[in-house]
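Chemist: I'll drop the sequence and a predicted model, then ask my questions.
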Amino acid sequence: MLSLAGQRVPGGVVRGDATRLPFVSDGVDAVVIVWLLHLLPDPVSVLAEAVRVLRPGGVLITTVDKDDAYFVEESDIAQVTAELRRQYAPRVPDGSAQVLGWAAERGLGLAGQTVFPGMGQGRSPRRWWEVIEAGHIPWCSHATADQVTDVRRRLAELPDQDTARPDPLYQLIALKA
């Protein structure tokens, strides 16, 4: 990713630790954190560092609620999986409520929000069945074997087994003091 960015912005790419950015305090107009917070056990240090380097009036843009992106639009797959997701979805560190609450405690408010589609990432019922079977879905790994078997059975009964459902919609928020 650094190599590609370096080709697009020669001399403008800096590699650093997200908890110790190589910038002075109050030194940048914007910080963009995309698809990172959901990977961290606790994103507070990364968010705090982003705020440290922002100039007054700067904006912090980040993705939130990544694990919910496949289920933003109601679909037959969302209906089949809803109960397991409700019961067993792990607490994620990029939940919009948590991020907005953290931001509000530091004087940041929601300045804007939007969604963007994961182009070509919509999954068919058969593909969902496969990724559940392979053990790649956290809310299925916490459910009982009978519950997972039931969801896979219901997925297999859906029409158009190889037709992808809507692409996931990823959410971006902009925070500003």
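Modeler: On my side now, so go ahead.
Chemist: So which residues of this structure form strands?
Modeler: 28-33, 54-64, 109-117, 169-176 (DSSP state E).
Chemist: For the residue nearest to the spatial centre of the chain, give me its contacts.
Modeler: For the chain, the residue sitting closest to the mean C-alpha position, by Cα atoms, centre = their mean, is Lys66 at 2.1 Å. By Cβ atoms under 8 Å, 6 or more residues apart in numbering, the residues touching Lys66 are Trp35, Leu37, His38, Val92, Asp94, Tyr170. Every C-beta, even on glycine, is put in place using the N, C-alpha and C of the backbone.
Chemist: do you know how far the residue lying closest to Val24 once chain neighbours are set aside is from Gly122?
Modeler: Nearest non-adjacent residue to Val24, counting by Cβ to Cβ, 6 or more residues apart in numbering: Val53, 7.3 Å away. Distance, Val53 to Gly122, by Cβ to Cβ, to the nearest Å: 36 Å.
Chemist: Output the strands of the chain as JSON lines; include the columns mean pLDDT.
Modeler: Listed next are the strands of the chain as JSON lines, based on pLDDT from 0 to 100:
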{"stretch": "strand 28-33", "mean pLDDT": "95"}
{"stretch": "strand 54-64", "mean pLDDT": "97"}
{"stretch": "strand 109-117", "mean pLDDT": "97"}
{"stretch": "strand 169-176", "mean pLDDT": "97"}
